[in-house]
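below are the sequence and a predicted model; questions follow.
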Number of protein chains: 2
Amino acid sequence: MSTVDEVSRPSRLAEPGEGITAEELQLAARNHGLPLEALRYDVTPVGLHYLLTHYDIPETDAARHTLTIEGRVDHPLVLDLAELRRRPRVTHRVTMECAGNGRALLEPRPVSQPWLVEAVGTADWTGTPLAPLLREAGLSADAIEVLFTGADHGVERGVEQDYQRSLPVPEALREDVLLAYEMNGAPLLPQHGAPLRLVVPGWYGMTHVKWLHRIELLDREFDGYQNAVAYRVRQHADDPGVPVTRIEPRALVQPPGFPDFMSRTRAVRPGTVPVTGRAWSGHAPLTGVEVTVDGGVTWEPATLDPAVEATDTGLTGAEWAWRRWRYDWAATPGRYTLSARATDASGRTQPVEQPWNRGGFANNLVQRVEVLVLADR
Amino acid sequence: MSTVDEVSRPSRLAEPGEGITAEELQLAARNHGLPLEALRYDVTPVGLHYLLTHYDIPETDAARHTLTIEGRVDHPLVLDLAELRRRPRVTHRVTMECAGNGRALLEPRPVSQPWLVEAVGTADWTGTPLAPLLREAGLSADAIEVLFTGADHGVERGVEQDYQRSLPVPEALREDVLLAYEMNGAPLLPQHGAPLRLVVPGWYGMTHVKWLHRIELLDREFDGYQNAVAYRVRQHADDPGVPVTRIEPRALVQPPGFPDFMSRTRAVRPGTVPVTGRAWSGHAPLTGVEVTVDGGVTWEPATLDPAVEATDTGLTGAEWAWRRWRYDWAATPGRYTLSARATDASGRTQPVEQPWNRGGFANNLVQRVEVLVLADR
């Protein structure tokens, strides 16, 4: 035979008690999460931002790279990087999270990239807004979706493909959707989509197409793999499911004290321990963060820092950036489980019981941080 | 009790058939390897270089950071970053590899950071040579080891510690041992040891102490955890073992074609497939790389690029940087297992049967890359 079917197997759930498989480990070794101590930085340093690459990082050449805008438009456009850089330049601070964050903690466990809680990062993305370019190309009256194609190529569940995702036209026309060519003030790195990527603040990571070279306006819903098969919240394999879109609220604790190498359990000396972390939501502004030090029996409010004001920072926007929170913990010797939970103005909050679905998507179960408060100071 | 013993357990081997554990996955999610397609770059882009952090990345402040040189010296020194930057500035291209690379492929599997083959990277490290500073401090006649202390703090197997490693004085006095403050032309990133780290070309990664703030000359062998307990090649738990030092030869294949998302099996179209990769050794110059496409039944020589010449590149040294190799493969439809093996001038080569030891250190078993050559072009 020798067809691409042979390299793919159907999706599956892990058996009860089945350890992480060799295939999941291969993904974990190449993709990486935010080391949780890096929650200390407002903007995640290069190399610590989470990263998920479906296939290989492709080889691209910024000097020859072009972006084509075509399909249901009046005037197709072909733009190179120099032309995009001459257009209005904006910088948005955006918290990006993988839609599969938390997957490896689910039971049963969907077998895929085995994230725990660390598939997140915040960057300053600089580029030019997409909407003016779409207006310049002139959307046909029947255009309803915008399809973005990256240069990354591979197979998934038997389907050979370039990575492609679509957005409904109204989302693509939001003024904060960017064609980004810089991250944290430097040209995009290869692994973050060099030389050009899409940034859709508030949406999960699968939307922010990397190595972007083609935009096509469609008069129909895109039925390709990443929209119609992957990235849907389903309860069982035959469930058509609903699309994964915006980021559910989440708070993470920056683990206090110091870790054991292997268990990552934290050791803390007794006294007042300033516990801090970050929280975000892609649906609505946060309204609060609560903390528990007893594994969820009691919750107390944390102090939430104000949202980042773009006007104070030289940014064009920061509506979808995480916010720091703080909580002073009077720690006495013993073992504790720390968690935080975020709530947003849409009324969404984080569950303490797992919100299971077959792909392990958009799951925002509260994190659990195991801490030993030592007897000695 | 509430002592640090409670957060640590003894080292162990995985049971036969035991999947990767939750603790190993925690390490795999925060530490990361080189995605193998990044073997295409002579110098690994920032963020793709492998990274292993024993504890947390510490918070440091370059403006206040100092390096102390003390112990068995005539004139203790305290230097800040500005003083180090005014000293002679050199740049070495160095391939760095984790001593535990390949561990997760061993049977039985030592339970620790579960690397497959990707714990490697090559960077241009800029700094000032260590030897002149040691000579300026004046080594006492009885100084035999140099102890390096980082700012990272944690627990390992019940021992609370700052990360510390020693080198014998003759190694520390090599002219290519650096105190590095830049990586790839930019100030060190937090995760690579900002603002100052040790670089010992040719040695495994545990030697290159990050977040370096203290150097102490000793009149004895250092008996601390990272030298006397960890990083020793042992056959059983009571074996005193031998220290892990220089990097064993290894070649890696840059996987050809394109991958399946989950299995990472490669699909390639038939025809002449240029297979390429990198090879290195920390013991001696490479003498050759061989390739097999039939799982090790037959081996053929690859073409090895010349070693990087420092004089042509503006580097001060590149003796311990990897070299590219190439092999043209006449690929016909079917399934193949590709491997490459490196040999160096010391006579060391890579085994096709695992060189097992209890810590999984310095293991250079040949990589296996599964490839399907498709029937269609």
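Noted; the coordinates are in hand. Numbering: from 1, shown residues only, chains lettered A, B, ... in the order given.

enumerate the residues of the stretch 51-200 of chain A near chain B.
A:51, A:53-57, A:59, A:104, A:111-112, A:114-116, A:118, A:153-157, A:160, A:189-192 (C-beta under 8 Å from any C-beta of the partner chain). The way it works is simple: take the backbone N, C-alpha and C, and place the C-beta from them, glycine included.

for residue A:351, grab the count of nearby residues.
Counted with other C-beta atoms under 10 Å in any protein chain shown, residues neighbouring residue A:351 total 12.

is it true that it touches residue A:364?
Yes. Residue A:351 is within contact range of residue A:364, at 7.1 Å (criterion: C-beta atoms under 8 Å).

now whichever residue of chain A sits closest to chain B. Its backbone dihedrals?
Residue of chain A nearest chain B, by C-beta to the nearest C-beta: residue A:19 (1.7 Å). Dihedral pair for residue A:19: phi -70, psi 170, per degrees, to the nearest 10.

go on, residue A:196?
Phi and psi for residue A:196, reported as degrees, to the nearest 10, are phi -150, psi 140.

ok, residue A:99 - how many residues close by?
Count around residue A:99 with other C-beta under 10 Å applied: 26.

run through the residues that contact it.
A:204, A:205, A:206, A:231, A:244, A:361, A:362 (C-beta atoms under 8 Å, 6 or more residues apart in numbering or on different chains).

just to revisit the earlier point, ok, and the closest non-adjacent residue to the residue of chain A closest to chain B?
residue B:19 (1.7 Å; C-beta to C-beta, 6 or more residues apart in numbering or on different chains).

got it, and residue A:63?
Excluding the flanking residues, the one nearest residue A:63 by C-beta to C-beta, 6+ apart is residue A:81, at 7.8 Å.

got a list of what that neighbour touches?
A:62, A:63, A:65, A:181, A:195, A:196.

just give me the neighbour total for the second one.
Neighbouring residues of residue A:63 were enumerated by other C-beta under 10 Å; the total is 9.

wait, a strand at it?
No. Secondary structure of residue A:63 (DSSP: H, G, I helix; E, B strand; the rest coil): coil, not part of a strand.

contacting residues around the helix or strand bottoming out on mean pLDDT in chain A?
Using mean pLDDT, DSSP states H and E, the weakest-scoring helix or strand in chain A turns out to be helix A:310-313, at a mean of 80. The contact list for helix A:310-313, computed with C-beta under 8 Å, 6+ apart, reads A:93, A:316, A:317, A:318, A:319.

in JSON lines: those, plus pLDDT.
Below are those laid out as JSON lines (pLDDT from 0 to 100):
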{"residue": "A:93", "pLDDT": "97"}
{"residue": "A:316", "pLDDT": "92"}
{"residue": "A:317", "pLDDT": "92"}
{"residue": "A:318", "pLDDT": "94"}
{"residue": "A:319", "pLDDT": "95"}
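
return the member of those residues nearest to residue B:6.
Ranked by distance to residue B:6 (C-beta to C-beta), those are led by residue A:93 at 40.0 Å.

now residue A:221: closest residue in space that isn't a chain neighbour?
With C-beta to C-beta, 6+ apart, the residue lying closest to residue A:221 is residue A:145, at 5.9 Å.

export stretch A:343-362 to CSV, keeping only CA atoms.
What follows is stretch A:343-362, C-alpha atoms only, in CSV (Å, rounded to 0.1, in the frame of the first residue of the first chain):
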residue,chain,number,x,y,z
THR,A,343,-14.0,33.9,37.5
ASP,A,344,-14.9,36.3,34.7
ALA,A,345,-17.6,38.8,33.9
SER,A,346,-19.4,36.3,31.7
GLY,A,347,-20.0,34.3,34.8
ARG,A,348,-17.6,31.5,33.8
THR,A,349,-15.4,30.0,36.5
GLN,A,350,-13.2,27.0,37.0
PRO,A,351,-14.6,23.7,38.0
VAL,A,352,-13.1,21.6,40.8
GLU,A,353,-14.4,18.4,39.0
GLN,A,354,-13.0,17.7,35.6
PRO,A,355,-15.0,19.0,32.6
TRP,A,356,-14.3,16.0,30.5
ASN,A,357,-14.5,15.8,26.7
ARG,A,358,-13.0,13.3,24.2
GLY,A,359,-10.3,15.6,22.8
GLY,A,360,-9.4,17.1,26.2
PHE,A,361,-10.1,20.6,24.9
ALA,A,362,-10.9,23.9,26.7
